[in-house]
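Colleague: Starting from these lines, generate the structure:
(chains A, B, C and D)
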There are 2 protein chains.
Amino acid sequence: MTATIYDVAALAGVSIKSVSRVLNGGPNVSPALEAKVKAAVEQLDYRPSLSARTLAGASSYLIAAFVDAELTLEHWRSGRGNDYLSRLEYGALVECRRSGHHLLVELVDYGSPSLEAHLLSLLRSLRPDGVLLTPPNSDDPRVLDVLERHGTPFVRLGAEAHLDRGMRVFMDDRQAAVDMTNHLIAAGHRRIGFISGPESYAASRARREGFRTAMADQGLTVDPSLVVEGDFTFEAGRISGGRLLGLKDRPTAIFASNDDMALGVLNAVTAAGLGVPRDVAVAGFDDTPSSMLSTPPLTTIRQPVTEMAAAATRLLLPASRGQTGQAEQVEYALVERLSTAVAP
Amino acid sequence: MTATIYDVAALAGVSIKSVSRVLNGGPNVSPALEAKVKAAVEQLDYRPSLSARTLAGASSYLIAAFVDAELTLEHWRSGRGNDYLSRLEYGALVECRRSGHHLLVELVDYGSPSLEAHLLSLLRSLRPDGVLLTPPNSDDPRVLDVLERHGTPFVRLGAEAHLDRGMRVFMDDRQAAVDMTNHLIAAGHRRIGFISGPESYAASRARREGFRTAMADQGLTVDPSLVVEGDFTFEAGRISGGRLLGLKDRPTAIFASNDDMALGVLNAVTAAGLGVPRDVAVAGFDDTPSSMLSTPPLTTIRQPVTEMAAAATRLLLPASRGQTGQAEQVEYALVERLSTAVAP
DNA sequence: TCTCCGGTTGACAGCGCTGTCAAACAGGGA
DNA sequence: TCCCTGTTTGACAGCGCTGTCAACCGGAGA
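Modeller: Residues are numbered from 1 along each chain as shown, chains lettered A, B, ... in the order given. Purely as a prediction, here's the structure:
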């Protein structure tokens, strides 16, 4: 039916091993052989079977991305999308295509007691060439343990703890928060409210840390009542924002740890009968699509998720496999839009 | 190293075939055998190798989702996310996990001249059990040809043409547009602007058709200048919306074919110094996350993309494989929010 | 008692590749 | 001329599983 390597070998008048060599770019192949084989491959429209290659060889040509099932469900249930994930996926996809690999997306129940068993099961039956780990699970020691024990290379995105385990791709969340805070201070703000994300995210902690540092460096004290915690949702931003605006000495600027919360703040400001940026400046973090479309558009930090994922995937590919402990830092950018504009 | 079926067979004192039978739920297995095998599997923590099963058997336990590379790139470049795609993916993932299948995401260049060769290559090397096709490519005859020729089952989401090819999961876009139009008419609107999507999308055509039908059924004439075409982007909505608002006899309501464009219209209304819904009512289509978060929140049609994808995946799974030509319709819902509220 | 039959289990041959190792071959130097 | 070396190619044994088909077992029926 479908042509196999035997058909190609027969047509070209060579051994199957030679066909395999040509196809995989093996060493010591004469130009004549290569031409013959390529012609036969072309003529039969032959494509090697992934499973046969995987079974016989060392590589599976598969990259697996572990996606947090509960988190994703929650994202959809609450009506916000999972922008981070799709950007990540796109970056990984592009890189996979370039190298002839394939991207397998796997839903993982990080909350399950049988997490380890499930992961091991995945690794053994799929034998992926590498695994992509996303925050906040890229710091989960149970996952790292399984991966290391099984010997599967993995890249942790935005990881903070266990810096020597696996490979990492990250951005400087702390410095980005410093920059944003300085941006607000430069615009004349002194009382700045901060809405942090959940403690479980390394990025949350780093961003709050950056905010504190920048304030301290400028000799500004941070009123404890101006720092509140949210869970990265629009609702959290709306409520926390409302709370901050309700203070008798309300902040003139609010820096939210992500865009969803910043959008909630925008909503709260409007609801309070105030204007952005006239009465209150608002800044976000992430540069999600909707941050550009809000009224007014949001000043935020662009996190190059797609590039991070592409870099991570590259680290996993056999051709340019990185070493354990290897880390790559990507650049962020402060995107200045109207929500923090200074009145002319 | 890792346990194989031979290890299990040896430990249980049975043949490898018996192990295989137990694991795959084969017929005529005695309880005693089953118990022995299961114990051995447990003890060795055995997991069958996907590639070996694929190579030897008929199923690959893989479902492939074809993602339009150019479209996705464009989505990211223009800053809007691809909400549709991630919802789809989530639905497929959940269903895959339930059945022990895996989801493979493949970037496809639908614009490439070697599209057919590329697809064939994918099908042959991966041998997926089924393929998920998304609009607007679910109507592409080149794709359908390749899939049919190769004999791979596929489900077309939101497909319109070639109704007898492959399986389909769809919603009644036309009727949904009728409902929305009636909703606007019921609110007292007579001059209703309509921003349609690109002609290449079957859904675009159906929505416009629904709008026209509803208007006609209510005995309202549609002023041709009130029907414009956009490309589903925020910008298109902003520009087309601005144009409609600039007419000397401007519409009192604008129905955009998707939420991104409706958000653009919202922006245009505000820019024109008008209010929503006070001066102009705005309706969208899709129920994307941001439609809920806009100011005011958008009245829209909820398209159950996740459920559609889940249903589609179910049709592909060997256990409940559907027949060619089989189609499943899913229900939409009109979500009424403030953007079309009638003044009290 | 013997045959027949359905239920149950196992032997074995692939599936389509890659890795190992040996064979064949060509060219340089003694 | 022969040997040695390095290059090029091929034979063959798996990889870990499923499908096919035959063997075996026990009880029902003749």
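
Colleague: now the stretch 51-200 of chain A, which segments are flagged as low pLDDT?
Modeller: Residue ranges of the stretch 51-200 of chain A with pLDDT under 70: A:79-80.

Colleague: Would you mind listing what in it touches chain B?
Modeller: Proximity of the stretch 51-200 of chain A to chain B is confined to A:51-52, A:54-55, A:60, A:67, A:69, A:72-73, A:76, A:79-83, A:85-87, A:89-90, A:93-94, A:96-97, A:102-107, A:117, A:120-121, A:124-127 under the rule CB under 8 Å from any CB of the partner chain. In short, each C-beta sits where N, CA and C put it, glycine included.

Colleague: contacts with DNA strand D among these, please.
Modeller: Among these, proximity to DNA strand D is found for A:52, A:55 (CB under 7 Å from any atom of the strand).

Colleague: And chain A, what are its domain boundaries?
Modeller: For chain A, the structural domains run A:5-57, A:62-171+A:305-332, A:173-303, going by automatic domain parsing.

Colleague: is it possible to export those to a markdown table including distance to B:E42 and mean neighbour count?
Modeller: Shown next, in a markdown table, are the domains of chain A (distance: least, CB to CB, whole Å; neighbours: other CB atoms under 10 Å in any protein chain shown):
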| stretch | distance to B:E42 | mean neighbour count |
| --- | --- | --- |
| domain A:5-57 | 25 | 16 |
| domain A:62-171+A:305-332 | 11 | 20 |
| domain A:173-303 | 33 | 21 |
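
Colleague: how much space between the closest residue to A:R127 other than its chain neighbours and DNA strand C?
Modeller: Leaving out its chain neighbours, the residue that sits closest to A:R127 by CB to CB, 6 or more residues apart in numbering or on different chains is A:S60, at 4.6 Å. A:S60 sits 11 Å away from DNA strand C when distances are taken as CB to the nearest atom of the strand, to the nearest Å.

Colleague: which residues does A:F154 contact?
Modeller: For A:F154, the contact set (CB atoms under 8 Å, 6 or more residues apart in numbering or on different chains) comprises A:130-133, A:144, A:147, A:166-167, A:316.

Colleague: Equivalent analysis for A:R302, please.
Modeller: A:286-287, A:332-335.

Colleague: all helices of chain A, in order?
Modeller: Ranges of helices within chain A are A:5-12, A:16-23, A:31-44, A:50-56, A:69-77, A:83-99, A:115-126, A:141-150, A:173-186, A:202-217, A:234-246, A:259-271, A:289-293, A:305-316, based on DSSP state H.

Colleague: can you tell me which of those comes nearest to B:D45?
Modeller: When the helices of chain A are compared by CB to CB, helix A:115-126 sits nearest B:D45, at 7.2 Å.

Colleague: ok, and what's touching that closest one?
Modeller: Contacts for helix A:115-126 (CB under 8 Å, 6+ apart): A:60, A:62, A:64, A:66, A:104, A:106, A:108-109, A:112, A:128, A:131, A:142-143, A:145-147, A:150, A:152, B:2, B:45, B:47-50, B:102.

Colleague: Can I get it in CSV? Just the C-alpha atoms.
Modeller: C-alpha atoms of helix A:115-126 as CSV (Å, rounded to 0.1, in the frame of the first residue of the first chain):
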residue,chain,number,x,y,z
LEU,A,115,0.7,12.7,39.4
GLU,A,116,4.0,10.9,39.4
ALA,A,117,2.5,7.7,38.0
HIS,A,118,0.7,9.6,35.3
LEU,A,119,3.8,11.5,34.2
LEU,A,120,5.9,8.4,34.2
SER,A,121,3.3,6.7,32.2
LEU,A,122,3.4,9.5,29.6
LEU,A,123,7.1,9.5,29.4
ARG,A,124,7.3,5.8,29.0
SER,A,125,4.6,5.3,26.5
LEU,A,126,5.4,8.4,24.4
